[in-house]
Each structure stands twice: as C-alpha cells, then as structure tokens.
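Enquirer: got a sequence here, can you model it:
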Amino acid sequence: MLKVIALSLGAFLILWIGAGLVIEALFAPKEVRGQMVDLGDRRLRLVCAGPSEGPLVWLEAGAFGFSADFADLQDALATQGVRSCAYDRAGLGFSDPGPRPRDSAAIVTDLERLMDAAGIDEPVVLLGHSMGGQHVRLFATRHPERVAGIVLVDAATPEAVQIPLVRRFVTTFGNLSQGTAVAISLGLAKPLFFVGDRIGLTGPAVREKQTAFVSGRHARNAANEASNWLDSAAMARAAGTLDPAWPVAVVTAGAAADRNGEWGRARLAPVEASAHGSYASVPAAGHATILSHAHNGEIVAAVQRVIASAAPFQARDFGSAD
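Expert: This next block holds a predicted model:
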C-alpha cells in the first residue's frame, strides 16, 4: 500500500511540475525591458522611464521585489513628466547574482556601482517600498550629496524593527522565506505561475512578475535578503538619521498610521524629523497593491511634493518634458 501511495505521489509531482514547466515556457517574457548595465564582474538590469531630463526618482523595491513592481508607478510618473529608474537587485529578476550575504551593505554597494556605471551623478529622489526603505536610508546616509529627497511607501523603518512584535515578524518571515525558496527551487511553484502578480500590474511587467514568482534563483536570493533583514536594519540605524533639510514623504497602505501607537510613531518619525515632511494614507490599498495604477496616485503626489521642495532642483532649468 505504501508503495502504491509513493508511486502515485511521485507521478503526481512529475505531472504537476511538468505542467508548470510548460506554462512557464509558453508565457514567460521573450524580451527583457530596460537594459543590462555592466558592473565589470556582473550585470544588473536597469529600467528607466519618463523624459530624458528633469529630476530623477530612484526606485528601491521591497522584499522579493524587483523593477517590475514599479512598472505602473513609472508609467504614472512619466505621465506627469517625472523621470524614474528602477532596477533588479543582484540575483533578483533578470540581474546576475552577487556575493553573499545580501544585506543592506552589499545592496547599497551595488547601487553605488550601478549609478556610476549608468552615468547617474546628480542628486535623486530616493523612493523605497517596504524593506527597500532601509536600503534607501543606508544609501542616503552614505551619500548625502546624491540625495535630493526621500519617499517611503509602506516602508518599515530601521527603528520599527526594534519593536518586539515587528522583530518577531521579521525573524519568522526570514525563516519562512528560506523554506519557500527550497520549494520553489524544486519546481513546486511552477503551476502557480499565474498567481505571481499580487500587485495588479498591467502590460509586460505582469509576465515578468509571474516569471520571478516561480524562479528558484530569484527566490533563493530574495530569501537571503529577507534572512538578513535584522542585520540590515542595524546597519541603517548605525549609519545615522536622515538630513532634516531633505524633504520626506511617507505614504502608507490601509488605515492612517496611529500617531499614538509605537508602530505608527516609528513609521512617521522620518516625516516628523524633516523640515519638509508630509504624510498620506491610501485606505483602499494593500501593502503590494499600493503600487498599482488603481492606488498609486498618492505616491505620485508625494513624489511631486518632494520634488517641489528639494533644494537641488530649485535653481535648475530642466526644460520641457520629451
């Protein structure tokens, strides 16, 4: 009896994974948007949109995220004449893997090299979603001369991770991510290809997101980042706080942050510390869907507020949008 069960289970797994491989082969994107930027030892994918001139918004994705997460937001920003660039961190999406551990120090070093290789040397508005907020924080404190302003989208600040409940969540998330990466690497998620986009994206980015969702390489590298979340948060805290002269906008999903609660205070601290701080919530949005066309209007407005207040942009004539 046990032999029959084992054979049946084996046959099911073969059919399950085989069906997934067929789905992936049929629907995975045939072309990659953007460009592959050579860092010398490896390449990272960079996707820019909007006019060729004007203030630049640099987009940093959250855990398990990559440039596709921002496709709808980049479209919305371009419609408003705002230039933006998103990228795939090492080993995520279509970028080559990088050395481990994949903590904030490694990620920010890659970001520095990518900007240099892409010829981006002007001050930028840094936008971080979710875990990307702490990478933005570390980059900003390392390179204040390259920062014009900050936008944090449903982001967990490094200080928030010190809250015991949040710390337990982050630890559990890192552990679960490792197990998930093993399952995905074995091909068990392949048939779930079509549920890979939980943002609600449009256009070619949908297939990119679905492909990454079932990619073992993407999952393993994303899990390594998640497992180093606490260390990365400690790095960002140790590097110092944001310059109060920088305009900072915080946008959260769901109900407005409770300024009297520990979690709410941690999320709003960057706004309170800035001379040009602003806050908005998107009640109908979730943590992922806030990036979609349906809900990203407040993010676009936040970017525009930061650009309007950013000192590096005040005395510059960028001309008209292309």
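
Enquirer: what comes up buried for the helix or strand hosting residue 106?
Expert: Taking DSSP states H and E as the criterion, residue 106 maps to helix 104-117. If you call a residue buried by 16 or more other C-beta atoms under 10 Å, then helix 104-117 has these buried ones: 104, 105, 106, 107, 108, 109, 110, 111, 113, 114, 115. No exception for glycine: its C-beta is placed from N, CA and C like everyone else's.

Enquirer: tell me the mean pLDDT for the strand or helix carrying residue 210?
Expert: Following DSSP H and E, one finds residue 210 within helix 205-213. Helix 205-213 carries an average pLDDT of 98.

Enquirer: centre of the chain to that helix, how far?
Expert: 14 Å (C-alpha atoms, centre = their mean, to the nearest Å).

Enquirer: tell me where this structure has helices.
Expert: 2-27, 71-79, 104-117, 132-142, 164-185, 205-213, 216-227, 229-238, 262-273, 297-309, 311-314 (DSSP state H).

Enquirer: packing partners for the last one?
Expert: When contacts are defined as 3 or more C-beta pairs under 8 Å, 6 or more residues apart in numbering; DSSP states H and E, helix 311-314 packs onto strand 147-153.

Enquirer: sheet partners, orientation included, of the strand it packs on?
Expert: strand 124-129 (parallel), strand 248-253 (parallel) (DSSP bridges).

Enquirer: buried set for the first one?
Expert: So the one you mean is strand 124-129. 124, 125, 126, 127, 128, 129.

Enquirer: most neighbours per residue, which of the helices of the chain?
Expert: Neighbour counts (mean count of other C-beta atoms under 10 Å) averaged over each of those peak at helix 132-142, with a mean of 25.

Enquirer: check which helices and strands it sits against.
Expert: For helix 132-142, the packing partners by 3+ C-beta pairs under 8 Å, 6+ apart are strand 56-60, helix 104-117, strand 124-129, strand 147-153, helix 229-238.

Enquirer: redo the strands paired with strand 147-153 as JSON lines? Include mean pLDDT and distance to residue 155.
Expert: Output for the strands paired with strand 147-153, formatted as JSON lines (pLDDT from 0 to 100; distance: least, C-beta to C-beta, whole Å):
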{"stretch": "strand 124-129", "mean pLDDT": "99", "distance to residue 155": "5"}
{"stretch": "strand 248-253", "mean pLDDT": "98", "distance to residue 155": "8"}
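
Enquirer: which one of those lies nearest to residue 179?
Expert: Distance to residue 179, taken as C-beta to C-beta, is lowest for strand 124-129 among the strands paired with strand 147-153, at 23.9 Å.

Enquirer: distance to residue 212 for the strands paired with strand 147-153 - can I get that in TSV?
Expert: Listed next are these as TSV, based on distance: least, C-beta to C-beta, whole Å:
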stretch	distance to residue 212
strand 124-129	15
strand 248-253	21
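
Enquirer: the helix holding residue 106 vs helix 229-238, what angle?
Expert: 70 degrees (axes from the mean of the first three to the mean of the last three C-alpha atoms, to 10 degrees).

Enquirer: against residue 299, how distant is residue 198?
Expert: 17 Å (C-beta to C-beta, to the nearest Å).

Enquirer: returning to that earlier point: angle of the helix holding residue 106 against helix 132-142?
Expert: Relative orientation of helix 104-117 versus helix 132-142 (the same axes, to 10 degrees): 70 degrees.

Enquirer: elements contacting helix 104-117?
Expert: Under the contact rule (3+ C-beta pairs under 8 Å, 6+ apart), helix 104-117 is packed against strand 35-38, strand 43-49, helix 132-142, helix 229-238.

Enquirer: what sits up against it?
Expert: 37-39, 44, 46, 58, 60, 87, 89-90, 98-100, 121, 134-135, 138-139, 142-143, 146, 225, 228, 231-233, 235-236 (C-beta atoms under 8 Å, 6 or more residues apart in numbering).
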